[in-house]
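>>> fold the stuff below for me.
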Amino acid sequence: MPIERTVVIDCHIEDVFEHLARDAGPGAAAIPPHRIAVPGEDGAEVVYELEPVWTATRVTRRDAVEAGPLRAIGRRRGMTRRLRALKHELERRA
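Numbering: from 1, shown residues only. Below is the predicted model:
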């Protein structure tokens, strides 16, 4: 069951992609500037899909993970925190 969260970041898609690609490290698969897939810490694939929205970027993160209801809730909360932190960091730089 994939778990998904989305955020809009007030930065150009190329800047968001560059930041995610730099942090992805080895083992990442990318289709610049629209998609990055990385192996997660627990073995689940983590996919970031980027879509331009005027001068901003919609970032959707999908985790392909098998999780029970309680684990899924925790994972969604963690994803939300990470996406908020990403938004804050990139918009602070702009």
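
>>> show me where pLDDT drops low in this structure?
1 (pLDDT under 70).

>>> show me where it has strands.
2-9, 29-31, 35-39, 45-53, 56-64 (DSSP state E).

>>> now find how far off-centre the first one is within its chain.
Okay, so that is strand 2-9. A distance of 7 Å separates the centroid of the chain from that of strand 2-9, by CA atoms, centre = their mean, to the nearest Å.

>>> Ala67 is in contact with Arg75, isn't it?
Yes. Counting by CB atoms under 8 Å, Ala67 does reach Arg75; the two are 5.9 Å apart. The way it works is simple: take the backbone N, C-alpha and C, and place the C-beta from them, glycine included.

>>> quick check: neighbours shared by the two?
Ile3 (CB atoms under 8 Å, 6 or more residues apart in numbering).

>>> picking up where we left off before, switch the strands of the chain over to TSV; also include mean neighbour count.
TSV is the format used below for those (neighbours: other CB atoms under 10 Å):
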stretch	mean neighbour count
strand 2-9	16
strand 29-31	13
strand 35-39	18
strand 45-53	17
strand 56-64	18
